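S.K.: what would the 3D arrangement of this be:
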Amino acid sequence: MSRGMIPPGDRALGCLPFLLPLSASVVYGASFFAQVPVLAVPFLPFFWLYGNILSFPVVPFLGISGEFVIFAGLYLLVVRGAGLPLFVRFNAMQAILIQIALFIGQIITEVVATALGSPLLLQTLSNTLFMGVFTVCGLAIYECCVGRFAEIPSISQAAMTQCER
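M.R.: Alright, predicted model coming up:
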């Protein structure tokens, strides 16, 4: 999907929201990083973001963390921000939808871990979550850098529907 020339500033801003799902997914790559520790090095900034910002208890007695604040802020201020370019809003909405898919994957992983207790199955699900989010976000960031709207099946359609309202 191409909608004209995207300025470099908008391309950079379009990449930033993907830090949320990337940082939230590194927790699921723990068994992968334990098996291949050298691959954890490029992900150290994401570990830092998760440990110091996303998991920070903003309102501890309500269970509201930095992850929820960033999630809500992206939706309310960026996606619904009519003054922002469509490219930035579209990519923010895609990042939010990837984060929602990660939440659903987290619930499934916890249910499977509780019900079956199989460490191999738990590691497989966790690694799949991590690699899936990493791959989808990597594709979206690449598309942002070259100035194209990322075409991720189902996610792109839902994101465009939300942004065109």
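
S.K.: what number of residues are in the vicinity of Ala113?
M.R.: A total of 15 residues lie near Ala113 under the criterion other C-beta atoms under 10 Å. (Each C-beta comes from the backbone N, C-alpha and C, glycine too.)

S.K.: and what of Pro37?
M.R.: Neighbour tally, Pro37, other C-beta under 10 Å: 9.

S.K.: from Phe43, how far out is it?
M.R.: According to C-beta to C-beta, to the nearest Å, Pro37 stands 11 Å off from Phe43.

S.K.: go on, Tyr50?
M.R.: Tyr50 is 10 Å from Phe43, where distance means C-beta to C-beta.

S.K.: shared neighbours, these two?
M.R.: By the contact definition C-beta atoms under 8 Å, 6 or more residues apart in numbering, Tyr50 and Phe43 are jointly contacted by Val26.

S.K.: measure the most far-flung residue of the chain relative to its centre to Leu86 for me?
M.R.: Farthest-out residue of the chain from its mean C-alpha position, per C-alpha atoms, centre = their mean: Leu116, at 27.4 Å. Distance of Leu116 to Leu86, given as C-beta to C-beta: 44 Å.

S.K.: average pLDDT for the helix or strand hosting Phe87?
M.R.: Taking DSSP states H and E as the criterion, Phe87 maps to helix 86-115. Averaging pLDDT along helix 86-115 gives 91.

S.K.: alright, that wraps it up for me.
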